[in-house]
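1. heads up, no residue letters with this:
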């Protein structure tokens, strides 16, 4: 009995080698183009960074030219660094209490109110604390307790 090959599909012999060659060509072309695509992106990014640095360089060069004169250097020294020429004296006028220049909750120690020296040299019994006055401890221990109370 003769078997017919009609149930099986037979491809021509050239299809398999052609498909293998096509796959190899796609791989051989795709990888270099992908690499070139990434490198072009990196080049574009580098170009934009170079352009930005060139803009910054131009701005700094312009600033350097503006400050290169002697009059500009003297003005900069006076405004930013409070420097004066020989023979001159610098006087700074600080604002008074009513000017509103210094905030009430400022952390600047110069803005804090002055301390009453009388309270430091002779502290009252109410500021020494209840623990030291009620126990009747005197001498070194009372001074030590007052020192600890200073850190509150």
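-> Thanks, I have the structure now. Remember, it's a predicted structure, so these values are computed and weren't measured experimentally.

2. what helices or strands is the host helix or strand of residue 46 leaning on?
-> Using DSSP states H and E, the element containing residue 46 is helix 15-67. With contacts defined as 3 or more C-beta pairs under 8 Å, 6 or more residues apart in numbering; DSSP states H and E, helix 15-67 has these neighbours: helix 70-81. Every residue, glycine included, has its C-beta placed from N, CA and C.

3. I'd like to check the angle between the helix it packs on and helix 15-67, please.
-> 100 degrees (axes from the mean of the first three to the mean of the last three C-alpha atoms, to 10 degrees).

4. Next, the residues that contact helix 70-81 from outside, please.
-> 66, 67, 83, 84, 85 (C-beta atoms under 8 Å, 6 or more residues apart in numbering).

5. With residue 33 as the reference, measure out to the fourth one.
-> Distance of residue 84 to residue 33, computed by C-beta to C-beta, to the nearest Å: 68 Å.

6. Which one of those two is surrounded by more residues?
-> Neighbour count, other C-beta atoms under 10 Å: between residue 84 and residue 33, residue 84 has more, with 13 against 9.

7. dump the residue contacts of that one.
-> Residue 84 neighbours (C-beta under 8 Å, 6+ apart): 78, 90.
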